[in-house]
Every structure is written in C-alpha cells, then in structure tokens.
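[1] quick check, what structure comes out for this input:
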Amino acid sequence: MSEITIAIIVAVVVAVILGIKGWAYRALTFKMDESAILNFLKESTGQFKFRSTEAISAETDISTNRVAMVCSRSKSIQRNSKEQESWCLK
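    Predicted structure coming up:
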C-alpha cells in the first residue's frame, strides 16, 4: 500500500474512534444527569406533582438549559401540558 492510502486509513480510524468516544461521553453524561433528575423527582413527592426547571436545576446543580433538554428527551419524564417548564415522572 502506498503511504497516502495508509495515512487515509489511519485518519478514518482516528475519526471513527473520536466519534465513538464523543457519542459515549454524551450518552454517559445524559444518563448521569437523567438519573440525578429522576432521583430528585422521586424524592420530592408531596403536595406538588410537577417541579419547575428552575427547582430541579437548583437542587441537582445542573444548568436550567440542560435540565430542560434532559427532561424533554427522557422517556421517564413528562412535561406538564399546562406549563412549559414544569416536569414530573411518567
């Protein structure tokens, strides 16, 4: 094989490895954040069924943008149909 072909193969392999690593990191951080939010929602049962994005963020130390993103993507959390930034367990 020529040196150019080897260089292209190495570059593709490195790109694939970095892509897999990035995907795994995003998946892991999503699961960790989702777990923290789920634990908060499970432990905060009381007079209020729904919790605001801000309340979840303050209690879990996850940014409000991240809380909203994780809650909207989670299969275990649902949004209050009457309020956009309000969440509860399914």
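
[2] rest of the way, CA atoms for contacts and neighbours
    Noted.

[3] how many residues are close by residue 58?
    Residue 58 has 12 neighbours, counted by other C-alpha atoms under 10 Å.

[4] whoops, residue 35 was the one
    By the criterion of other C-alpha under 10 Å, residue 35 has 13 neighbours.

[5] what's the pLDDT at it?
    Looking at residue 35, its pLDDT is 95.

[6] residue 47 too?
    At residue 47 the predicted local confidence, pLDDT, stands at 69.

[7] three-state assignment of residue 81?
    coil (DSSP: H, G, I helix; E, B strand; the rest coil).

[8] and it, how far is that from residue 88?
    Distance, residue 81 to residue 88, using C-alpha to C-alpha, to the nearest Å: 11 Å.

[9] more neighbours, these two?
    Comparing residue 81 with residue 88 by neighbour count (other C-alpha under 10 Å), the higher total belongs to residue 88, at 20 against 9.
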